[in-house]
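In: Have a look; sequence and predicted model below, questions after that.
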Amino acid sequence: MKPFEFTGDQPKVFIRKLFKLFNQWHDLLRQYEEMMSADKDLPYWHTERTNTGLLAAAAVKLCYVAIEEYSAERGTRVKKRAGRADLWICDDEGRGYDFEVKQYWASLHTPKITGIKRELNRAKIDVSNLRYPSKNRIALVFVIPRFLTSNKFDVDEFRETILDTKRIGCSFSALHLCPKQIFEECRSLEDSKYYYYPGIAAIGQYVKS
């Protein structure tokens with residue numbers, strides 16, 4: 001099983017840049033996992049803001065510019081309102097990318113497409129409402145799979161679902177998997193049950209400006 005996979009559709013320049021960004025994101029997650037394994041901590045089982053920050057950090061490691069939670073106007077001229085946007089990145093060629101991010105917790109064995117689509121649609125609405133968007137607007141959902149420690153580890157169904165961009169209706173999908181020996185040391189107790197968190201996926205939809 002590959003520790004990182006990425007699949008995407010047109011436009012080609014956009015996908016090439018996003019592959020580079022998420023490949024660096026994967027490398028950063030792997031570094032975090034290895035450095036923090038003694039503390040039994042995983043980077044992606046925290047909040048949406050945490051995962052957005054890790055993606056911003058990946059952009060900075062590529063010598064891009066990234067800013068989170070910045071002030072932004074939303075809506076039309078008549079119904080404009082003040083707010084905040086999740087993430088803006090400018091790449092090494094001066095291209096800007098607006099990200100609006102959601103997070104979805106999923107079962108490793110039975111990931112629900114409807115839940116992922118719902119969160120993706122919410123992110124699309126948010127990024128579409130930016131009054132002064134960049135040329136590249138991206139609705140993004142971080143999908144965090146988990147499974148009971150008493151169950152068998154089998155990522156195949158989750159992987160097939162996440163990487164099927166046509167079925168989900170997204171532009172690209174990135175999948176990062178944690179080494180088994182690390183995530184098995186980092187179990188989480190919730191509602192009197194222990195869970196494993198074997199990785200994270202990022203589902204993205206390109207939204208035309």
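Out: Arrived safely.
In: quick one: low-confidence parts of the chain?
Out: Residues of the chain meeting the criterion pLDDT under 70: 10-11, 75-82, 209.
In: need the longest helix for it.
Out: When every helix of the chain is counted residue by residue (DSSP state H), the longest turns out to be helix 12-36.
In: Run through who's touching that one.
Out: Identification of contacts with helix 12-36 by CB atoms under 8 Å, 6 or more residues apart in numbering yields 3-4, 6, 8-9, 42-44, 54-55, 57-59, 61-62, 64, 89, 91, 95, 97, 136, 138, 171-172, 174, 176, 178-179, 182, 200, 202, 204, 206. C-beta coordinates here come from the backbone N, C-alpha and C atoms, glycine included.
In: make it 6 Å
Out: Outside of helix 12-36, the residues within contact range by CB atoms under 6 Å, 6 or more residues apart in numbering are 4, 6, 8, 43, 55, 57-58, 61-62, 91, 172, 174, 176, 178, 182.
In: Going by neighbour count, list what's buried in it.
Out: 14-15, 17-18, 20-26, 28-30, 32-33 (16 or more other CB atoms under 10 Å).
In: mind checking which helix or strand Thr161 is in?
Out: In this structure, Thr161 is located in helix 156-162 according to DSSP states H and E.
In: which stretches of the protein form strands?
Out: 4-8, 65-74, 81-90, 96-107, 136-148, 172-177, 188-190, 193-196, 199-207 (DSSP state E).
In: now those as CSV including mean neighbour count and distance to Ala123?
Out: Output for the strands of the chain, formatted as CSV (neighbours: other CB atoms under 10 Å; distance: least, CB to CB, whole Å):
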stretch, mean neighbour count, distance to Ala123
strand 4-8, 18, 17
strand 65-74, 14, 13
strand 81-90, 17, 9
strand 96-107, 20, 5
strand 136-148, 23, 4
strand 172-177, 24, 14
strand 188-190, 11, 25
strand 193-196, 16, 25
strand 199-207, 24, 7
